[in-house]
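K.L.:
Sequence plus predicted model, see below.
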Amino acid sequence: MAHIVRRKFKKGFTYLAQVKRVGFKTVSKSFDTKDQAKKWARSIDRKLDRGEVFDYTQASRLTLRDLLDRYIKENKHRAKKSWRMEEYRARYIKQDTIADCNCLRLSSKHLVEFRDRRLQTVSNSTFNQDLSFLSQVIETAIHDWEIGFPSNPCKTVRRVASPPPRNRVFKGDEEHRLLEASVLTNIHGKSNHYIKPMIIFSIETAVRHGELLKIRYHDIDFSKSLLSLNDTKNGEDRVIPLSNKAIMILKSLPRRFDGKVFPMTKDSLKSWFNTAKKKADIKDFRWHDLRRVACSRLFEKGLGVEQVQAISGHKDPTLLLNTYTKVDPIKLVKKLG
């Protein structure tokens, strides 16, 4: 038999659903609404009717922090490319009070409160990724570790609407100003001769900045104008064609003993790029926007979606078209004749 009990708190009410059956351990869970509590209780009743036995003892002894620690530890050596991001995400979630919530008591209410706190410091999309990650951890606990959960509360929390996709590309003579400023830029009296060729190469190839910084000369086949990109963001290697301008850039750079084509770190690249932008008086433009410029120009050259995907490494054509493409209508007019 199911019982729904309304409990009053400072911020409102919660509803405790309890399912009691002779011969079975009493099962209970808290919800934000009475309808949610009733729905859950009915699902438990149906499972009991089918003879399913529930044992939530293990879940009652664990916190969300325990699950996160085990998930990261057990997935540390897998090949999944996103593992380091998951480790980073888990570390930040464990800094929040939700990490100490008992697994059996974890509810959508706790997750909503976590959302409100998290959104004070991160974007909507970052929180949505946090929620998806937590859901994956709980699903792993249920299906792989056989830890009994009444339900996965993450599935009852709505994702936060994300803002429209960013569509920033160069405006007017910004590209010319940026390239000119990149040559004249200096930090503490020192100049950097790699910034301008790195900007041009990125526009010609649509590579991510992480891929750019990993390029070695042994990755380049000058005879076939091909570049091999390994250990990419999506975990898949790819080979991309190089334009005449990209080849010219590569041949103009001095060869280094360590084989690096662009000998810079992520932080130094960011610092030099921001200094060049400031000198060129360009606002709200990020290095990653060069990738959008590159993809847009590939489409303007007449390449199809699959061809641009092969170069950019996008798995989702919708993301490529909606987020990384902003074709110049003036250039389209010239193509139409």
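P.N.:
Good, I have the coordinates.
K.L.:
Thr232: helix or strand, and which one exactly?
P.N.:
Using DSSP states H and E, Thr232 sits within no helix or strand.
K.L.:
Contacts only, for it.
P.N.:
Residues near Thr232 by Cβ atoms under 8 Å, 6 or more residues apart in numbering: 81, 208, 210-211, 238, 313. Placement of C-beta: from N, CA and C, glycine included.
K.L.:
Give me the domain ranges for the protein.
P.N.:
Each domain of the chain is listed here as a residue range: 1-54, 61-161, 174-214+261-336, per automatic domain parsing.
K.L.:
Now do the shortest one: distance to the chain's middle.
P.N.:
Taking Cα atoms, centre = their mean, to the nearest Å, the mean C-alpha location of domain 1-54 is offset from the chain mean by 35 Å.
K.L.:
ok, now the last one?
P.N.:
Relative to its chain's centre, domain 174-214+261-336 lies at 20 Å (Cα atoms, centre = their mean).
K.L.:
Going by residue numbers, what spans are strands in the stretch 1-150 of the chain?
P.N.:
Counting by DSSP state E, counting those that start in this stretch, one finds strands in the stretch 1-150 of the chain at the ranges 2-9, 12-19, 27-31.
K.L.:
now swap in the stretch 151-300 of the chain and tell me
P.N.:
186-187, 190-191, 220-221, 226-229, 238-241.
K.L.:
Please identify which of these is closest to Val169.
P.N.:
strand 238-241 (20.6 Å; Cβ to Cβ).
K.L.:
buried residues in the closest one?
P.N.:
If you call a residue buried by 16 or more other Cβ atoms under 10 Å, then strand 238-241 has these buried ones: 238, 240.
K.L.:
still on that earlier bit, mean pLDDT and distance to Gly172 added to the strands of the stretch 151-300 of the chain, as a markdown table?
P.N.:
Shown next, in a markdown table, are the strands of the stretch 151-300 of the chain (pLDDT from 0 to 100; distance: least, Cβ to Cβ, whole Å):
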| stretch | mean pLDDT | distance to Gly172 |
| --- | --- | --- |
| strand 186-187 | 74 | 25 |
| strand 190-191 | 77 | 26 |
| strand 220-221 | 95 | 34 |
| strand 226-229 | 94 | 31 |
| strand 238-241 | 92 | 29 |
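K.L.:
So which of the ones you listed is the most surrounded?
P.N.:
Highest mean neighbour count of the strands of the stretch 151-300 of the chain: strand 226-229, a mean of 18 (counted as mean count of other Cβ atoms under 10 Å).
K.L.:
Using PDB, write out every CA atom in it.
P.N.:
Extracted in PDB, the C-alpha atoms of strand 226-229 (Å, rounded to 0.1, in the frame of the first residue of the first chain):
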ATOM      1  CA  LEU A 226      48.000  16.200 -46.500                       C
ATOM      2  CA  LEU A 227      48.000  16.700 -42.700                       C
ATOM      3  CA  SER A 228      47.400  13.900 -40.200                       C
ATOM      4  CA  LEU A 229      45.700  14.900 -37.000                       C
END
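K.L.:
any residues touching that strand, and which ones?
P.N.:
The contact list for strand 226-229 (Cβ under 8 Å, 6+ apart) reads 205, 207, 211, 214-215, 219-221, 237-242, 246, 313.
K.L.:
if you set the cut-off to 10 Å instead, what comes out?
P.N.:
201, 205, 207-208, 210-212, 214-216, 218-221, 236-242, 246-247, 250, 261, 311, 313 (Cβ atoms under 10 Å, 6 or more residues apart in numbering).
K.L.:
all helices for the stretch 101-250 of the chain, in order.
P.N.:
Ranges of helices within the stretch 101-250 of the chain are 108-118, 124-143, 174-184, 195-205, 209-214, 244-252, based on DSSP state H, counting those that start in this stretch.
K.L.:
Could you give the average pLDDT over the longest one?
P.N.:
Model confidence over helix 124-143 averages 92 on the pLDDT scale.
K.L.:
Does anything pack onto it? Which helices or strands?
P.N.:
Here helix 124-143 touches helix 57-60, helix 64-74, helix 83-93, helix 108-118, going by 3 or more Cβ pairs under 10 Å, 6 or more residues apart in numbering; DSSP states H and E.
K.L.:
so can I have a markdown table of these showing mean pLDDT, distance to Leu134 and mean neighbour count?
P.N.:
Formatted as a markdown table, the helices and strands packed on helix 124-143 follow (pLDDT from 0 to 100; distance: least, Cβ to Cβ, whole Å; neighbours: other Cβ atoms under 10 Å):
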| stretch | mean pLDDT | distance to Leu134 | mean neighbour count |
| --- | --- | --- | --- |
| helix 57-60 | 84 | 15 | 14 |
| helix 64-74 | 93 | 8 | 17 |
| helix 83-93 | 86 | 7 | 15 |
| helix 108-118 | 93 | 8 | 18 |
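K.L.:
What distance do you get for Val261 to Arg255?
P.N.:
9 Å (Cβ to Cβ, to the nearest Å).
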